[in-house]
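Q: Pasting a predicted model and its sequence here:
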Amino acid sequence: MEHNKIKQMIAEVFNDIADGIETGQFGKKVRIGVTVLGSEHGTENVLNGAMAAQENDNSIEVVLIGPKNDTNLKNYEADTEEQQHKVMEKLLDSGEIQGCVTLHYNFPIGVSTVGRVITPAKGKEMLIATTTGTSSPHRTEAMVKNGLYGIIVAKALGKKNPTVGILNVDGARQVERTLKELKSNGYDINFTESLRADGGAVMRGNDLLAGTPDVMITDSLTGNLLIKMFSSYTTGGSYEALGYGYGPGVGDGYERNILIISRASGSPLIASAIKYAGEVARGDIIKKSKEEFEKAKKAKLNDILKELTKDKKSNKEDEEEITPPKKEIVTGAISGIDIMDLEDAVKEIWKNNIYAETGMGCTGPIVMVNVKNIDDASDILAKAGYITKD
C-alpha cells in the first residue's frame, strides 16, 4: 500500500514537470472552480469565460461546477444553483479546489467582498472595500472592518504596504479617526493623499476615477454601485465587461476563498475573476487574513470597535443646556468631523468659552472659529474624540 502511494507521488511529480516543460509554468497549479448556472447571459457565457481563463493562465487549473457540457475542463455535476453551492463548499473544505467564482452567495454577517476594478482615468487597478455582504450592522464599524478586509486582499495580491483612502460618504470622518487610532496603537495603515490640492485621506470622486489609493474604503451598498459602474460604463449597463468582479469574501475567522461575480457579468470579466481567485489563493488569503486580524487585535481592534458601537446618547435628565459664548468673526476652519457629530463638536468648544459655528467646506462638514482659536479648538476636539490631530 505504501509502495503504491510512493509511485503515485512520483507520477504526480513527473506530470508536473511535463506540464512545466509544455507550458513554461513550473510548480503546482492552483485549482479554481466556477459555478456555471445563474448568469443572465446564459451558461455559454460562463463557459467561455472559464475557457478563456484557462487559456490565458497556465498557473491555474479551471474546473466547472454545473451541468454536463462540451468543454474539455473537468466538471463536477450539479443541476441547480443550490446544488452548485453545496458541491463548491465541499470541494473548498476538502482542499480539492483552492478558490471558487460564483454568481450569487449568501455570506454570514461579518463577511463582505473586496472588489477589483480598472479605473478609467489612468487604467490603474483599485480595490473597493467592500462590494457585497455585511461586515457589521453598524455602518461605521462595517467601514472600519472593510478597510481591514481591503488591506488583507491587497497583501494577498502581493502589495506589502498598500495605500488606503476613505471615500467621502456618510461616516467617512469617523472611520478615518478610528483607523488612525488603530494605527497609533501599532497596526500599520498607509494612508494616501487625495489628488485634489487640499489632500487628505478622505477621497473624492476624482480619486475614484484616477485610482488614487490601492484600497478605497466605502460602505458595501456604495461599493456595489461603484463595481457595476466601473464594470459596465462602456456597455450601457446590461453587460459587465471590465475589471475582476465583486471579489473574495473576507471576515474574521472566515476560511473559504469564494469570489462573487454579478449575474450580468460577461465572459471577459468572468475570466478576470478566475484569475483574481487564483492570485489570492496563491497569496494564501486565508493565512493573510489570520495574520492581519492578529495584528489588528494586538492594536486593540476589538476595544476600539466596542467603543465605536456603544450608545453614546445621554439621557434627557443628563443633558445640559449650553449657552454659546459671545459671537465673533469666524474664518478659521477645522475639518475631519463627521456630519453626525458636527453640532456636538460645536457645543464641546462652547463649553470651553470659545465661540464656534458649523459650516460646510469643499471636503465636507467643518467647524468655524476665529483664526486665533484654531489650535485651542483643535485640541479640544481631539481630546473629546471628534477629530484626529496629526
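A: That came in fine, so what should we check first? Numbers count the residues shown, from 1 in each chain.

Q: Following element in sequence after the one helix or strand A142 maps to, please.
A: Assigned by DSSP states H and E, A142 belongs to helix 139-156. Next along the chain after helix 139-156, taking DSSP H and E as the criterion, comes strand 163-167.

Q: How far does the next helix or strand after that following strand sit from its chain's centre?
A: From strand 163-167 onward toward the C-terminus, using DSSP H and E, the following helix or strand is helix 172-184. Relative to its parent chain, helix 172-184 has a centroid offset of 16 Å by Cα atoms, centre = their mean, to the nearest Å.

Q: Please look at S231 and Y239 and confirm they touch.
A: No: counting by Cβ atoms under 8 Å, S231 stays clear of Y239, with 9.0 Å between them. All C-beta atoms are positioned from the backbone trio N, CA, C, and that covers glycine.

Q: Looking at the two, which is more packed in?
A: S231 (29 against 18; other Cβ atoms under 10 Å).

Q: wait, isn't A129 in contact with G223?
A: Yes: when contacts are counted by Cβ under 8 Å, A129 is listed as touching G223 (7.1 Å).

Q: who's more crowded, the two?
A: Shown here are A129 and G223; by other Cβ under 10 Å, A129 has more neighbours (34 against 30).

Q: That one is in what secondary structure piece?
A: Residue-wise, A129 maps onto strand 125-134 under DSSP H and E.

Q: Likewise for A345?
A: A345 is part of helix 342-351 when elements are defined by DSSP H and E.

Q: cool, I32 as well?
A: Element membership for I32 (DSSP H and E) is strand 30-35.

Q: For the spatially most central residue of the chain, give me its contacts.
A: Residue closest to the average C-alpha location in the chain (Cα atoms, centre = their mean): A129, at 2.1 Å. Counting by Cβ atoms under 8 Å, 6 or more residues apart in numbering, A129 makes contact with V114, G115, N146, G147, Y149, G150, V153, V215, M216, I217, T218, G223.

Q: Name the nearest residue to it, sequence neighbours excluded.
A: Spatial nearest neighbour of A129, excluding adjacent residues (Cβ to Cβ, 6 or more residues apart in numbering): G150 at 3.0 Å.

Q: next one: G186
A: With Cβ to Cβ, 6+ apart, the residue lying closest to G186 is A299, at 4.5 Å.

Q: about what we covered before: quick one: work out the angle between the helix holding A142 and strand 163-167.
A: Helix 139-156 and strand 163-167 are oriented at 150 degrees to each other (axes from the mean of the first three to the mean of the last three Cα atoms, to 10 degrees).

Q: Counting neighbours, what do you get for G249?
A: Around G249 there are 24 residues (other Cβ under 10 Å).

Q: just checking, what packs against the strand or helix carrying it?
A: Assigned by DSSP H and E, G249 belongs to strand 247-250. Packed against strand 247-250 by the contact rule (3 or more Cβ pairs under 8 Å, 6 or more residues apart in numbering; DSSP states H and E) you find strand 111-118, strand 125-134, helix 139-156, strand 258-260, helix 267-282, helix 285-298.

Q: how about those in CSV, adding mean pLDDT and distance to D93?
A: Shown next, in CSV, are these (pLDDT from 0 to 100; distance: least, Cβ to Cβ, whole Å):
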stretch, mean pLDDT, distance to D93
strand 111-118, 97, 16
strand 125-134, 95, 19
helix 139-156, 97, 20
strand 258-260, 97, 11
helix 267-282, 98, 14
helix 285-298, 98, 12
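
Q: can you put those in JSON lines and add distance to G336?
A: What follows is the helices and strands packed on strand 247-250, written out as JSON lines (distance: least, Cβ to Cβ, whole Å):
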{"stretch": "strand 111-118", "distance to G336": "26"}
{"stretch": "strand 125-134", "distance to G336": "21"}
{"stretch": "helix 139-156", "distance to G336": "14"}
{"stretch": "strand 258-260", "distance to G336": "34"}
{"stretch": "helix 267-282", "distance to G336": "33"}
{"stretch": "helix 285-298", "distance to G336": "22"}
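
Q: and of those, who's closest to L64?
A: helix 267-282 (10.9 Å; Cβ to Cβ).

Q: buried ones in the helix holding A142?
A: For helix 139-156, the neighbour count (16 or more other Cβ atoms under 10 Å) marks 139-156 as buried.

Q: pull the CA atoms of it into CSV?
A: Taking C-alpha atoms only, helix 139-156 is exported to CSV below (Å, rounded to 0.1, in the frame of the first residue of the first chain):
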residue,chain,number,x,y,z
ARG,A,139,-22.3,51.4,9.5
THR,A,140,-19.1,52.9,10.8
GLU,A,141,-17.9,49.6,12.3
ALA,A,142,-18.6,48.0,9.0
MET,A,143,-16.5,50.5,7.1
VAL,A,144,-13.6,50.2,9.6
LYS,A,145,-13.7,46.4,9.0
ASN,A,146,-14.0,47.0,5.3
GLY,A,147,-10.7,48.8,5.4
LEU,A,148,-9.0,45.9,7.1
TYR,A,149,-10.6,43.5,4.6
GLY,A,150,-9.2,45.6,1.7
ILE,A,151,-5.7,45.6,3.2
ILE,A,152,-5.9,41.8,3.6
VAL,A,153,-6.7,41.3,-0.1
ALA,A,154,-4.1,43.8,-1.2
LYS,A,155,-1.4,41.9,0.7
ALA,A,156,-2.7,38.6,-0.7
